[in-house]
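[1] Quick one, what's the 3D model for this:
(one chain, ligands or ions: 3)
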Amino acid sequence: MAKTMRSTAPLNAPRHVAIIMDGNGRWANARGMPRTAGHRAGVERVREAVRTAAEAGIQYLTLFAFSSENWNRPKEEVSDLMGILRFFIRRDLAELHSENVRVKVLGCRQNIEPDISALLMEAEDRTRDNTGVTLMIAFNYGARDELVRATRSIVAAVTAGHLDAAAIDEATLSAHVDTAGIPDPDLVIRTSGEQRLSNFLLWQAAYSEFVFMPCLWPDFDRAAFHDALAEFSRRDRRFGAVPTPNLAVGS
Ligand code: IPE
Ligand code: IPE
Ligand code: MG
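    Ligands and ions are numbered 1, 2, ... in the order given. Here you go, the predicted model:
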């Protein structure tokens, strides 16, 4: 298998896309199936999303897989979700590696089952030197929890004398969150029609474009991904400055 996938990057492709993969439960309900069937169907869309990202020239793809609040779901559903994550890593890691994908995991590593923790570490270690798409799996991730952990680690560095409190700035915080060294997402996509962040990337999404799509995650195919990218390409990002002349109202 070729080590690098061909890229057909349009000029205005986002560098980093983050996706809130939502709607598995509703997808299953609509078919009279248990919610777990929706989660199983959802995981089948992940490889396709990674491939589409690679083809579109996207360098970083972040997928929200399990939030720090998802522990509040019924025990059986949580246990099924853990099983699906195990299955995904065991089945797909070799293929992701062969496609030159670098895996990174975002989220709190405490209080997760030891074998899952080991699998996540294996995924990161094995793919560390790959140079294709960086796939970031947000697992046991909550942005508020991330900001608390970042704050603690900054305070520890100050207390140890490695960091001057007066020198703390935005770059310091960016360097202590889970995405340290990764550019902020240009585009955040949420499937299932919900229009909220649900505690996802609160720090990093300060200037992201948002695309909310009615389609449920198990239906999110290549075409749906391209629709979101097309919508992104029509946006005028200003970052607080004045509109670019060619897109100004009336031009
Ligand atoms: C997303 O689908 C998967 C996870 C949050 C783990 P949901 O399970 O939230 O599906 P809905 O929102 O209930 O349809
Ligand atoms: C967000 O979806 C978390 C993931 C997609 C992993 P949820 O389904 O948990 O979010 P809420 O509860 O609708 O806000
Ligand atoms: Mg949901």
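
[2] gap between the helix or strand in which residue 230 is found and the chain center?
    Secondary structure here is read from DSSP states H and E; on that basis residue 230 sits in helix 222-233. The chain centroid and the centroid of helix 222-233 are separated by 16 Å, computed with CA atoms, centre = their mean, to the nearest Å.

[3] Give me the buried stretch members for that helix, please.
    Within helix 222-233, the residues that count as buried by 16 or more other CB atoms under 10 Å are 224, 225, 227, 228, 229, 231, 232. (C-beta placed from N, C-alpha, C; glycine too.)

[4] ok, now stretch 99-112?
    Within stretch 99-112, the residues that qualify as buried are 99, 100, 101, 102, 103, 104, 105, 106, 107, 108, 112, counting by 16+ other CB under 10 Å.

[5] residues in contact with whichever residue of the chain sits closest to ligand 2?
    Of all residues in the chain, residue 198 sits closest to ligand 2, with a separation of 3.6 Å (CB to the nearest ligand atom). The neighbourhood of residue 198, defined by CB atoms under 8 Å, 6 or more residues apart in numbering, consists of 20, 22, 64, 67, 69.

[6] Kindly report the same for residue 115.
    If a contact means CB under 8 Å, 6+ apart, then residue 115 has residue 86 as its contacts.

[7] Then residue 216?
    Taking CB under 8 Å, 6+ apart as the definition of contact, the neighbours of residue 216 are 22, 23, 24, 26, 27, 30, 38, 191, 192.

[8] 6 Å - rerun?
    Contacts of residue 216 were listed using CB atoms under 6 Å, 6 or more residues apart in numbering, and they are 23, 26, 27, 192.

[9] And the residues you listed, which two are furthest apart?
    Considering CB to CB, no two members of those lie farther apart than 27 and 192, which are separated by 8.5 Å.

[10] What is the burial count for residue 170?
    Applying other CB atoms under 10 Å, we find 9 residues neighbouring residue 170.

[11] Let me see the backbone angles for it.
    Backbone torsions of residue 170, given as degrees, to the nearest 10, read phi -60, psi -40.

[12] what are the phi and psi values for residue 18?
    Residue torsions, per degrees, to the nearest 10, at residue 18 are phi -120, psi 140.

[13] Surely it is in contact with residue 185, unless I've mixed up the numbering?
    Yes - the pair formed by residue 18 and residue 185 meets the contact definition of CB atoms under 6 Å, at 4.0 Å.

[14] where does the closest residue to residue 113 other than its chain neighbours land in three-state SS?
    In this structure, residue 113 finds its nearest non-sequential neighbour in residue 82, 6.6 Å apart by CB to CB, 6 or more residues apart in numbering. Local secondary structure at residue 82 is given as helix here, using DSSP: H, G, I helix; E, B strand; the rest coil.

[15] Could you do residue 105 as well?
    Assigned state for residue 105: strand (three-state reduction, three-state DSSP).

[16] Look at the residue positioned nearest the centre of the chain and give its secondary structure.
    With the centre of the chain defined as its mean C-alpha position, the nearest residue by CA atoms, centre = their mean is residue 62, 2.0 Å away. Classification of residue 62 into helix, strand or coil gives strand, according to three-state DSSP.

[17] Kindly report the same for the one 3 residues further on.
    Each residue gets one of three states, and residue 65 gets strand by three-state DSSP.

[18] Right, I'll leave it there.
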